[in-house]
Structure formats: structure tokens, C-alpha cells
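> please work out how this folds:
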Amino acid sequence: MKSQSLLSLSAWLLAVLTVPLTIAAQDAQQPTHPAVQYTVTDLGTLPGGNFSQPFFMNRYGLVSGSSSLPDGNQHATLWLEGLKGDIGAPGLGGPNSIAFGDNERFQAAGEAETAASDPNGEDFCGFGTHLTCLPFLWRDGEMVQLPTLGGNNGVAMTISNRGEVAGFAETLTPDPGCPAPQVLHFKPVVWESAGIHQLPTIGGDPDGVAEEMNDDGQVVGGSGTCATFNTNLLYNLVAVHALLWEKGHATDLGNLGGQTGQAGGNIALDINHQGQVVGNSDLPGDTTFHAFLWTKRTGMRDLGTLSGDVASLSISINDAGSVIGASLDANFNPRAFLWEKGVMTDLNTLIAGDSPLYLLTGCSINSHGEITGLGLTSAGEIHTYLATPAQGGASAERMSQGVISRRILSEDARKVVQQQLRFGRSGARLLRLQ
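Numbering: from 1, shown residues only. Okay, the predicted model is just below:
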């Protein structure tokens, strides 16, 4: 929103800081039983764009992600209360950026390209530009560069309400196992007021990433081996171990039988304030992957897939234990799911009336049960949506059928999903399963 709206974005966010008191007062009067019906809003794109993607939504409804521009580049974008703001201009000087997370202080974190070519020819941000990719913290209307571990690149994945940031960053040490163009090791890290510090990997894994963290300082992610960032891998890590870090100590969360990370990878993608963790793990044989829910009491639990599908991944969990993600058929056609109390439901069957979008994924669910993710328009474009719980139940027809006509992605739309949908930039490589 490079206009009057952009100039007023900081004032807009500051003004919205008065909203939480109103929301909190309303919440106290709402019933505690879960909503079974949602209304869907297309949050759209930046002017002239045809694609947008969300990654996180805080409890006040602030959504962070990115949107395409008329020239095909992407800018970090925030959505709130029907407004959207381009926080990627001028960014750190480069053409592309993404906001992966935000917090209740209306700060955001993500990745941004600079105008400088990577000295090693790497493509760390994955946009195909081979420009240096740096982690950023966005606060007070300004994008601030965060340090790396001495290497050229890094990515900030999440920011807590305390202002701590987690992600991954390159070291100065070359990784001989990395296929070109990746050259340097990258490690999971946390940025605090005292600076950056590295988190350990496990099992001798040379590389790793931190994906999410809660306000207790617990961090989740994964470690494994280096891979090229391309349209099939969607990530430069083959995630072998799903990890939880507490006070700097790494715990292996186990797996669902897969050992190599070659299907979707073993990766933890989100953690709530109860310490419950979700992600995806390969099954025995390492040919497909399923969503999981992990707790200290029960360990890793396979959440399965929607009927007829062959793969799934759980992307977000709120403090009530509601899980959202995506379930995929053998041709990589995804549909968003909501998992509650042991039951996985196609989110499209819970929509009140007609929806402007077919819901492909659930990317983030907040404490109010609001959901954001990727949706497919009637024109075949992929946009960010907001699904808001509504009073009453879903239509009798939808509930009785439990399924609606699945949307088969066009080849162009599928390429967009494969290239742009990073599912929290997880190790889930989401290949077109054969």
C-alpha cells in the first residue's frame, strides 16, 4: 500500500491497540462451546497483484504474509480489519520480502532481499533472484535488519509477544553436503535483546531451522541435511528430526515411522502455550507424510487424513487445542482441515452459505478460533482468506454430506502452490505424489 494508506499504517496499528480491550470484553460474554460454522472473507492482494499468502494471525486478527505486485515481485503484507498494508517497501533494498509472523505488540518478522547479489550465488530466499536474503524485525513502521551467525543470509520465522524472534541463519562455515547453489551451513537461532544465539541440532544433523515459539520461550522446528531450494523441495532442508527446544536444550519429538525425511520430512511447525506441538512426519517407508500432534504425556499422535487423501500436515494449533492444516490427494490437490477432539473435518463443509473461495489450507488459527489460509478464487487465483466463527451450525446439507465438490487445481495454480505455498516454510516438500 505505497500511498496514503502506507503512510498511515503505523498510525493505524497504533490506533488498533485500543481494540484489544473491546475484544476482551466481548470474549467474556461469548459462550465457550466451539463454533461449527464459519463465514469466509477474501482478504485479497496488494493493488495489481494476483496472489497472496498468509502465515500467521495474532489474537487481534492481524495477519502477516505477502502479496504479489504487478511486476511479479512479492512484498511483506499485513491485513487487519479490512485493511492491508505493504510493509515491504522499501524493505531492505531488494525486490522481494515476506512477513512470516507477528505479535500482540503489532510487530512483524520475516525475510527480505537486499539489492546485493549473494557472494556465493545462493538463492536463500527462494525467489530465483540470487540476492542476499536477510532476517528482519518490523516495528514502529520500520524494517530493521537482524544479524546472522556470520554468513550472508538468514530468515526470521516468528516473533513472540515478548519480542523474541526465532528462525535460522547462516554461519561462515561451508557445508560440503549442500547441493549448489547453497554453500554455507545454516542453524536454528533465537534473537533476543542480547543478540543472536544458536540452537543445537540433534543426531549429528548439520543444519536446522526454528519455526515457531511461544511466550514461555519454547521453540519448535527441525534439523537435518541441506538441500537445494527449488520448486519441488520448497525449502533448503531435508528435515530428519522434529525438535523442541527448551532453555537451549533440544528434544527429539520422534516420528511416525519415517526415518529419512525424504517424503514430507519430520518437522515441528507450531507450539501453543500449553506446550502442544503440531507438524508433519513421514510414515514407514518414507513415501508419504501425515499431520501429527505431540504432547509430553502422549508423545506423537498421527492425525491421519481426510477421506480419500494420501498425505496431510498440521500447520497451526491454538491454546484450545484446535488444529488446522491441509490434507492432500495423490495429485497434490489440497483442502483445508480443522481437527478438534479427535475428528478431522474438511473446513469447506463448515462454511455458512456461499464462500468466495475454496479453502486449500489452514495456515494459522488464533485464540478466537479465527482461521487464515490459502483459498482458490473462481478465476483460479490464490488469495488469503479469513474464516470467522459464526453463531449457529453449518448447513444441514453440508454437514450431512461431510464433503463438497473438491477443486482440482489447474497446472498453473498447482505450480503457484508448489512454488509459493511454504506451509510455514516447513520441510514438507509436498511433491506431487505418484
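
> from now on I want contacts and neighbour counts done on CA atoms only, so please keep to that.
Fine.

> next up, the contacts around the closest residue to V219 other than its chain neighbours.
Spatially, and ignoring its direct neighbours in sequence, V219 is nearest to M213 (4.2 Å; C-alpha to C-alpha, 6 or more residues apart in numbering). By C-alpha atoms under 8 Å, 6 or more residues apart in numbering, M213 lies in contact with 158-160, 166, 219-220, 270-271.

> now, among the residues you listed, which is nearest to G261?
Distance to G261, by C-alpha to C-alpha, is smallest for V220 among the contacts of M213, at 16.6 Å.

> what is the neighbour count of the closest one?
The tally of other residues near V220 (other C-alpha atoms under 10 Å) stands at 31.

> kindly report the same for G150.
12.

> could you do E142 as well?
When neighbours are defined as other C-alpha under 10 Å, E142 has 16 of them.

> quick check: bridge partners of it?
Judged by DSSP bridges, the bridge partners of E142 are R139.

> same thing with L237?
Under the criterion used here (DSSP bridges), L237 is bridged to C226.

> what about it, neighbour count?
By other C-alpha under 10 Å, the residues close to L237 number 27.

> and what of G195?
Neighbour count for G195, taken as other C-alpha under 10 Å: 10.

> let the chain start at 120 from now.
Yes, from this point I'll number from 120; that puts the last item at G314.

> please report phi then psi for it.
Dihedral pair for G314: phi 120, psi -160, per degrees, to the nearest 10.

> now T251. Nearest residue, chain neighbours left out?
Per C-alpha to C-alpha, 6+ apart, closest to T251 is D237, 4.6 Å.

> roughly how far apart are the one you found and P266?
Counting by C-alpha to C-alpha, to the nearest Å, the gap from D237 to P266 is 16 Å.

> equivalent analysis for T320, please.
Applying C-alpha to C-alpha to T320 and P266 gives a distance of 20 Å.

> so between those two, which is more surrounded?
Set side by side, T320 and P266 show more neighbours around T320, with 24 against 19, by other C-alpha under 10 Å.

> as a check, name the ranges of all strands in the stretch 120-269 of the chain.
For the stretch 120-269 of the chain, the strands defined by DSSP state E, counting those that start in this stretch occupy 156-163, 171-176, 182-187, 193-199, 202-205, 216-221, 227-236, 250-258, 261-264, 269-278.

> just send the ones you listed back as a markdown table, with distance to A358 and mean pLDDT too.
Formatted as a markdown table, the strands of the stretch 120-269 of the chain follow (distance: least, C-alpha to C-alpha, whole Å; pLDDT from 0 to 100):
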| stretch | distance to A358 | mean pLDDT |
| --- | --- | --- |
| strand 156-163 | 32 | 97 |
| strand 171-176 | 20 | 96 |
| strand 182-187 | 23 | 97 |
| strand 193-199 | 26 | 97 |
| strand 202-205 | 32 | 95 |
| strand 216-221 | 19 | 97 |
| strand 227-236 | 20 | 98 |
| strand 250-258 | 21 | 97 |
| strand 261-264 | 27 | 96 |
| strand 269-278 | 16 | 97 |
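
> for L432, find the nearest of these.
Among these, strand 171-176 sits nearest to L432 (C-alpha to C-alpha), with 14.5 Å.

> mind listing residues that contact the closest one?
With contact meaning C-alpha under 8 Å, 6+ apart, strand 171-176 is reached by 163-164, 182-187, 218-221, 482-485, 490-493, 501-503, 540, 542-543.

> which residues does S171 bridge with?
Under DSSP bridges, the beta-bridge partners of S171 are S186.

> neighbours of it, how many?
S171: 28 surrounding residues under other C-alpha under 10 Å.

> re earlier: among the strands of the stretch 120-269 of the chain, which comes closest to N450?
Nearest to N450 among the strands of the stretch 120-269 of the chain is strand 171-176 (21.3 Å), distances taken as C-alpha to C-alpha.

> dump the C-alpha coordinates for the closest one into CSV.
Written as CSV, here are the backbone C-alpha positions of strand 171-176 (Å, rounded to 0.1, in the frame of the first residue of the first chain):
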residue,chain,number,x,y,z
SER,A,171,-1.3,-13.5,-1.7
GLN,A,172,-0.4,-15.9,1.1
PRO,A,173,-0.7,-15.7,4.9
PHE,A,174,1.5,-17.3,7.6
PHE,A,175,0.3,-16.1,11.0
MET,A,176,-2.6,-14.4,12.7
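
> low-confidence ranges, the chain, go.
Across the chain, the ranges flagged by pLDDT under 70 are 120-155, 347-354, 510-553.
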